[in-house]
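Participant: The following block contains a protein sequence and its predicted model.
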Amino acid sequence: NETNGQSSRCEGVMTAANSAANLALASITFAVRGKVQGVFFRKFTKQQADALALVGWVKNETNGTVVGVAQGPAPAIDTMSAWLTTTGSPKSRIDGCNIERETIDALQFDEFVIERRQ
């Protein structure tokens, strides 16, 4: 039983460490190039962000790129970064994606929104 007790304590420590890592917040600023306008890229980006419980915004740029900011738990930000780089909307073609990532102390947005050009 003593060995089992020690094992349980070790698992508890690992769980606590994993929980602490999941609480770390991250922010990405992204710019996606390719066939990303007119293919519902912003709509699918918002759906992905909502599914991952991220906050921020996404919008079309006049140069044909889609840009935005996403913030939330670091593991969810990593998932979003991969999605923006390799998946996108079903009819999109991603030629490139620039992502700048940083650790943040607090979220700067309340929800994830699609911004419209003025």
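Facilitator: Noted; the coordinates are in hand.

Participant: Beta-bridge partners for the nearest residue to Glu61 once chain neighbours are set aside, please?
Facilitator: Spatial nearest neighbour of Glu61, chain neighbours left out: Val67 (5.5 Å); criterion: Cβ to Cβ, 6 or more residues apart in numbering. The C-beta positions use only the backbone N, C-alpha and C, and glycine is treated the same way. For Val67, the beta-bridge partners are Ala31, Lys59 (DSSP bridges).

Participant: measure Lys43 to Gln71 for me?
Facilitator: 19 Å (Cβ to Cβ, to the nearest Å).

Participant: Out of the two, name the residue with the larger neighbour count.
Facilitator: Gln71 (24 against 12; other Cβ atoms under 10 Å).

Participant: So what sits opposite the more buried one in the bridge?
Facilitator: Residues in beta-bridge contact with Gln71 (DSSP bridges): Ser27, Val55.

Participant: wait, doesn't it sit right on Thr29?
Facilitator: No - look at Gln71 against Thr29 with Cβ atoms under 8 Å: they stay out of range, at 9.9 Å.

Participant: Compute the number of surrounding residues for the nearest residue to Ala70 once chain neighbours are set aside.
Facilitator: Nearest non-adjacent residue to Ala70, counting by Cβ to Cβ, 6+ apart: Gly56, 4.3 Å away. Around Gly56 there are 24 other residues, counting by other Cβ under 10 Å.

Participant: and what of Ile94?
Facilitator: Counted with other Cβ under 10 Å, Ile94 comes out at 19.

Participant: Return the residues in contact with it.
Facilitator: Listed by Cβ atoms under 8 Å, 6 or more residues apart in numbering, the contact partners of Ile94 are 32-34, 36, 84-88.

Participant: On the strand side of things, show who it bridges to.
Facilitator: Beta-bridge partners, per DSSP bridges, of Ile94: Gly34.

Participant: distance of it from Phe30?
Facilitator: Distance, Ile94 to Phe30, using Cβ to Cβ: 11 Å.

Participant: Just the C-alphas of the strand or helix carrying Ala49, formatted as PDB.
Facilitator: Element membership of Ala49 [criterion: DSSP states H and E] is helix 41-51. Presented in PDB, the C-alpha positions along helix 41-51 are these (Å, rounded to 0.1, in the frame of the first residue of the first chain):
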ATOM      1  CA  PHE A  41     -12.300  31.800 -43.700                       C
ATOM      2  CA  ARG A  42     -13.300  34.400 -41.000                       C
ATOM      3  CA  LYS A  43     -16.500  32.500 -40.200                       C
ATOM      4  CA  PHE A  44     -14.600  29.200 -39.700                       C
ATOM      5  CA  THR A  45     -11.900  31.000 -37.700                       C
ATOM      6  CA  LYS A  46     -14.500  32.300 -35.300                       C
ATOM      7  CA  GLN A  47     -16.100  28.800 -35.100                       C
ATOM      8  CA  GLN A  48     -12.700  27.300 -34.300                       C
ATOM      9  CA  ALA A  49     -11.900  30.100 -31.700                       C
ATOM     10  CA  ASP A  50     -15.300  29.600 -30.100                       C
ATOM     11  CA  ALA A  51     -14.800  25.800 -29.900                       C
END
